[in-house]
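*Asks:* need coordinates for the following:
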Amino acid sequence: MENIWHHGNLEEMHFAELLSRIWKSERSGSLEIVREDHKRRADFDEGQLVLLKDTLDKKLLLQIIVEKGLAAKSSLKKFEAFIGDNNRSLMQAMLEDGLFPPVVLWECLEDYQNNHLLPVFDWDGAEYFFDPAKPIQKHEILMRFSTPDLILQGIRHMTNKELIRSFSPEENKSVEMLFTELTGQLPLNPPEKYLLSLVENQKTMRSIYAMSELGKTETQKIMLGFFSLGMVGFPQKKKTGHTSQEISKAEIYGIMDVFNEKCSYIFKYISKEIGPVALNILEKCLEDTKPLLSPILTKARIAPDGTIEPNSVIKGGIALSGEEIKAQLLPGLNEILVAHVLAVKRTLGNEHETTLVKNLKKIGEWH
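*Replies:* Next up, the predicted model:
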C-alpha cells in the first residue's frame with residue numbers, strides 16, 4: 001500500500017519530505033516519530049506546525065530557561081512542582097511571579113520547538129505515523145510555526161553525512177528550478193542563494209557538483225532542502241495535446257477490485273479481533289472521511305463484507321472526463337484506506353496497525 005505515506009520509516013522518506021507533504025496537503029493532525037527509546041511528536045493545523053499546551057514538556061522548557069541564563073536553577077525549584085501536573089499552568093506561574101516578560105517566554109518556546117524537532121532531521125531508521133483524525137483545538141495552540149521555515153532550519157542543522165548522501169539523486173539526473181509560492185519568500189542565506197543560481201544555469205547534478213564552491217556534501221545537503229520544499233525538481237515530460245483520453249468502465253472496475261480486496265482484508269482482520277461491531281466502526285470511519293473526498297465518492301457505502309459498491313462510484317463521476325475521474329478516484333480511495341488503517345490503530349493498537357499495513361502491501365496496487 002505504497003500510497004499511504006501516513007505511516008512508514010524515515011529510511012524511505014526523509015523527515016524534510018514528510019513535513020513537506022503534511023504542509024502541501026494542508027493536513028491537521030499529530031505526527032509521531034519513534035527511534036529505539038527516543039520519541040518526538042509534532043502537531044499541525046492546516047499544514048502549519050503548532051505547539052500545544054497539552055504536549056508541552058515542562059521539564060525541557062525549564063532546562064532551556066536555565067541554559068539561556070534567564071534564571072538560576074535554584075530559583076526554578078519552586079516551579080518544578082508544576083511538572084506532571086496538568087491542572088496547573090507552569091507558564092502562568094512563571095509570568096505571575098515576574099520571572100521574565102511574556103515575549104521572552106515565547107522566545108523560549110521557539111527554542112523549545114527547535115530543540116525538540118531539529119535532531120530528527122539526522123534520524124534514519126525511525127518509524128513515523130501521522131494521524132490526521134486528531135482534531136486541533138484552537139485554544140490549545142500556544143504558538144504557530146512556518147513548516148517551510150522549520151524544514152530550512154532542520155536541513156541547515158544536519159550533520160549526518162551518510163543520510164544526506166543516501167537521499168541525494170544520482171549524478172546523471174537532470175534538474176530544474178520550479179517556481180512555487182515559496183520562490184522569493186523563504187529567507188535563504190547567501191550559500192543557499194548561490195546554489196539556487198547554479199541550479200538555474202546547470203542541467204545535471206554532476207555539473208552542479210563540479211561547479212559548486214560549497215563542496216559536495218554541503219551541496220547535497222542544501223539540495224535536499226530544495227527538493228523537499230519543491231523549489232527544485234526533475235524535468236517533467238512534455239504532455240501531448242490529448243490530455244483527456246477516456247478511462248473505460250473496465251479499468252475503473254479493475255481499480256475498485258484491488259481497492260476492495262484491501263477493504264475486505266481490513267474488515268476480516270478487525271472482525272476477527274472484535275466481532276460484528278467492526279462493520280459499524282468502518283462505516284463511521286467512511287462517513288467521517290467523506291468531507292475530504294471528491295464528489296464521486298460522497299455516495300459510497302460499505303457493504304456487509306467491508307467492500308464498496310463500484311457502481312455508485314461510476315455513477316458519481318458520470319459527468320467527468322476519464323482523466324478527471326482517475327485524478328479524483330485514486331486519492332479518494334487512498335483517503336478511505338488511510339482512515340480504515342487509523343481505525344485499526346485506534347481500536348487494536350500500534351502492533352496490529354503495523355501488521356495490517358505490511359500485509360496490505362502484498363495485495364496489489366492501482367495505477
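*Asks:* isn't residue 25 up against residue 44?
*Replies:* No: counting by CB atoms under 8 Å, residue 44 is not a contact partner of residue 25; they are 9.9 Å apart. All C-beta atoms are positioned from the backbone trio N, CA, C, and that covers glycine.
*Asks:* higher neighbour count, those two?
*Replies:* residue 44 (24 against 13; other CB atoms under 10 Å).
*Asks:* confidence score at that one?
*Replies:* As predicted, residue 44 sits at a pLDDT of 94.
*Asks:* can you check my assumption that it lies in a helix?
*Replies:* No: assigned with DSSP: H, G, I helix; E, B strand; the rest coil, residue 44 falls outside any helix and is strand.
*Asks:* on the strand side of things, show who it bridges to.
*Replies:* In this entry, residue 44 is beta-bridged to residue 29, residue 49, by DSSP bridges.
*Asks:* I'd like the distance between it and residue 28.
*Replies:* Distance, residue 44 to residue 28, by CB to CB, to the nearest Å: 6 Å.
*Asks:* who touches both of those two?
*Replies:* residue 136 (CB atoms under 8 Å, 6 or more residues apart in numbering).
*Asks:* ranges for the helices of the stretch 201-350 of the chain?
*Replies:* 205-211, 216-229, 249-274, 277-289, 310-316, 322-348, 350-360 (DSSP state H, counting those that start in this stretch).
*Asks:* could you list the low-pLDDT ranges of the chain?
*Replies:* Residues of the chain meeting the criterion pLDDT under 70: 1-5, 83-87, 133-135, 180-181, 183, 236-249, 311-327, 364-367.
*Asks:* next, count neighbours for residue 94.
*Replies:* By other CB under 10 Å, the residues close to residue 94 number 24.
*Asks:* same check, this time on residue 226
*Replies:* Neighbour tally, residue 226, other CB under 10 Å: 23.
*Asks:* report the beta-bridge partner residues of the closest residue to it other than its chain neighbours.
*Replies:* Nearest residue to residue 226, sequence neighbours excluded (CB to CB, 6 or more residues apart in numbering): residue 232, at 3.9 Å. With beta bridges defined as DSSP bridges, residue 232 has these partners: residue 177.
*Asks:* now residue 232: how far from residue 194?
*Replies:* Taking CB to CB, one finds residue 232 at 14 Å from residue 194.
*Asks:* swap in residue 254?
*Replies:* Distance from residue 254 to residue 194, by CB to CB: 50 Å.
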